[in-house]
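Engineer: okay, sequence plus prediction incoming.
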Amino acid sequence: MAFDCIVRNGEVIDGSGKTPRYQADVGFTGGLVSAIGDLSKAESAQQIDATDRIVCPGFIDVHVHSENTLLGGRDQMASLHQGVTTHLLAPDGFGWAGIPDKEARELWHYTQFAYGEPVEKISWPTIESYLSLFPGRSPANVYPQVPHCAVRVNAMGWAPRPATPDELKVMEDGTRAWMEAGAGCLCLGLDYQPSANASFEELVALCKVAAEYDGIYAAHLRYQILGREGAWDEIIELQKAADIPVHVSHERVDELSGAALSRSEEENVDITFESYLYPAGMTHITMQLPMWVQMGSPDEVLDRMRLPDTKERSLAFLKERGGIADYQIIGYTPSGNYAGMRLGEAARGVGKSNEEFAYDLVLEENGIQAFVVLWPPNEEENVRTLNRTAQHPKMMLASDGIYDAQHPHPRGFGCFAQFLGRFVRERKLLSLEEAIYKMSGFPAERYRLPERGRLAEGKPADVVVFDPDTVSDRSTFETPLETADGVSWVIVNGEPVIAEGTPTANRPGQVLSRGR
Ligand SMILES: [Zn+2]
């Protein structure tokens with residue numbers, strides 16, 4: 001039998017988390033893994049020498065703001081350099097497809113902080129018109145989720161109130177349309193507009209639609225309104241009320257969430273979570289303002305923020321909450337102004353307090369800005385929290401990467417490589433088999449992708465070849481745009497997108513569908 005390609009002499013880790021690594025050759029034909037074993041006598045058009053390297057399934061990133069850059073943005077290959085071969089769409093429920101252009105443009109305005117300038121004209125009136133952008137242009141596979149933001153704006157605009165029965169019906173239909181288009185998950189960002197206004201009953205109703213299709217529910221929890229404890233309670237109650245598997249976006253295991261996870265275990269709550277394992281987040285600073293300031297469409301929020309009374313009350317609110325720390329990093333502004341600077345330095349430069357500077361920046365930048373929000377500098381405790389997070393059995397890895405920003409969070413360029421280098425090799429917190437499961441087999445099982453996340457005969461050839469002794473991240477909070485090291489080959493549907501560490505021109509990404 002002749003193969004298109006054989007990866008020779010590597011150590012195979014299959015992504016199941018159960019099988020110990022073993023030495024084998026891996027052959028591909030027609031985009032599928034066609035043989036694993038001793039292929040020393042077999043012929044192939046291409047050979048890859050994987051001596052002293054790990055050969056494993058491509059990684060799946062279940063929470064990543066990459067869909068714009070995958071279509072041709074500056075950072076199109078940043079995740080591929082780390083071996084990520086499948087990206088979920090609509091993290092935090094963000095989306096712009098399947099709705100009229102005006103609403104889509106408003107939603108882009110609101111979410112641009114996490115995507116940068118659009119590489120395409122914002123006009124995707126049908127789900128299909130959006131999903132059809134990716135084949136032939138994306139180096140990685142994409143997999144849709146139901147974007148709750150778009151589904152809700154389509155039904156009731158940005159109205160900051162519970163839905164009426166008629167509006168809820170439109171949302172159920174919108175959810176169904178995405179599930180019919182292959183989505184595996186209903187996704188929400190409950191700290192963001194307009195999803196923050198969804199009632200518990202709305203969540204239950206939409207979850208029931210997703211559950212009919214064997215989908216799951218994932219959310220950035222409602223921390224701002226309910227507090228962390230209340231937010232965890234809400235998702236646990238939702239799992240019980242809607243009888244759907246639930247997943248918590250970008251969390252960490254500290255005392256509070258550790259206790260919530262233990263309680264879930266005792267009460268048989270079907271829950272998982274993901275983490276990127278850095279002591280910092282990244283989002284727009286608007287999220288720190290009082291909730292009444294954040295409500296409504298982007299233009300409504302800007303109009304409200306221009307009122308002197310809103311400013312005064314907002315600054316008082318921020319100060320009362322302890323203010324915004326000097327060391328926060330300005331990550332993205334459409335103008336480029338201040339990007340990469342520490343907040344304190346930028347504010348002092350124009351003679352303002354940190355809070356006033358941040359507030360004014362929102363207005364100057366038309367509402368679009370993002371900050372890298374570092375945890376308070378208590379290194380020992382932060383490392384302890386991240387280590388405990390990495391080892392938790394319900395945890396999978398996901399980057400929450402933000403791309404095409406001037407100075408983004410380093411997670412977008414380094415999350416997966418950091419996990420393998422720092423948490424596995426240096427700190428020895430998990431075996432390589434366990435770590436790879438958390439990046440491939442586990443997300444595939446949880447998100448209903450039975451054909452992905454495993455290196456096995458007959459499965460699509462999404463394959464990574466890396467050096468376990470050198471794999472590491474190079475992106476830092478100071479230099480976030482450095483690509484990862486140690487990943488030599490990345491193959492998507494049988495075609496190399498990274499070859500000997502260098503990007504190729506191949507764009508073999510496909511749109512994946514639930515259950516396949
Ligand atoms: Zn989020």
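Structural biologist: Yep, that arrived.
Engineer: measure how far stretch 264-272 is from the centre of its chain, please.
Structural biologist: Distance of stretch 264-272 from the chain centroid (CA atoms, centre = their mean, to the nearest Å) equals 23 Å.
Engineer: for stretch 307-317, same thing?
Structural biologist: What separates the centre of stretch 307-317 from the centre of its chain is 33 Å, taken as CA atoms, centre = their mean.
Engineer: buried residues, that stretch. List them.
Structural biologist: 310-311, 314-315 (16 or more other CB atoms under 10 Å). Any C-beta I mention is one placed from the backbone N, CA and C, and that applies to glycine too.
Engineer: secondary structure and pLDDT added to the residues you listed, as a markdown table?
Structural biologist: Converted to a markdown table, those look like this (DSSP: H, G, I helix; E, B strand; the rest coil; pLDDT from 0 to 100):
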| residue | secondary structure | pLDDT |
| --- | --- | --- |
| Thr310 | helix | 98 |
| Lys311 | helix | 98 |
| Ser314 | helix | 98 |
| Leu315 | helix | 98 |
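Engineer: pick out whichever of the residues you listed sits closest to the ion.
Structural biologist: Checking those against the ion by CB to the ion gives Ser314 as the nearest, at 21.8 Å.
Engineer: residue contacts, Trp96?
Structural biologist: For Trp96, the residues meeting the contact criterion (CB atoms under 8 Å, 6 or more residues apart in numbering) are 104, 107-108, 111, 122, 124, 130, 147, 150.
Engineer: would you format those residues as TSV with secondary structure, pLDDT and neighbour count included?
Structural biologist: Listed next are the contacts of Trp96 as TSV, based on DSSP: H, G, I helix; E, B strand; the rest coil; pLDDT from 0 to 100; neighbours: other CB atoms under 10 Å:
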residue	secondary structure	pLDDT	neighbour count
Ala104	helix	98	22
Leu107	helix	98	26
Trp108	helix	98	19
Thr111	helix	98	23
Ile122	coil	98	15
Trp124	coil	98	21
Tyr130	helix	98	24
Pro147	strand	98	34
Ala150	helix	98	26
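Engineer: can you pull the contacts of the closest residue in space to Ala339 that isn't next to it in sequence?
Structural biologist: Leaving aside its chain neighbours, Ala339 sits nearest to Gln406 (3.6 Å; criterion: CB to CB, 6 or more residues apart in numbering). Gln406 sits next to 331-333, 336, 339-340 when contact means CB under 8 Å, 6+ apart.
Engineer: got any ranges where the stretch 251-400 of the chain has weak pLDDT?
Structural biologist: In the predicted model, the stretch 251-400 of the chain carries no residue with pLDDT under 70.
Engineer: which residues of it lie near the ion?
Structural biologist: Proximity of the stretch 251-400 of the chain to the ion, by CB under 5 Å from the ion, involves no residues.
Engineer: and the strands in the stretch 251-400 of the chain?
Structural biologist: Assigned by DSSP state E, counting those that start in this stretch, the strands in the stretch 251-400 of the chain fall at 271-275, 280-283, 329-332, 370-374, 395-397.
Engineer: let me have these in JSON lines, extended by mean neighbour count.
Structural biologist: Shown next, in JSON lines, are those (neighbours: other CB atoms under 10 Å):
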{"stretch": "strand 271-275", "mean neighbour count": "25"}
{"stretch": "strand 280-283", "mean neighbour count": "22"}
{"stretch": "strand 329-332", "mean neighbour count": "25"}
{"stretch": "strand 370-374", "mean neighbour count": "24"}
{"stretch": "strand 395-397", "mean neighbour count": "25"}
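Engineer: quick one: which of those is nearest Val26?
Structural biologist: For the strands of the stretch 251-400 of the chain, the distance to Val26 is smallest for strand 395-397, at 22.9 Å, taking CB to CB.
Engineer: ok, then the element right after that closest one?
Structural biologist: Using DSSP states H and E, the next helix or strand after strand 395-397 towards the C-terminus is helix 411-418.
Engineer: now that following helix: average pLDDT?
Structural biologist: Taken as a whole, helix 411-418 has an average pLDDT of 98.
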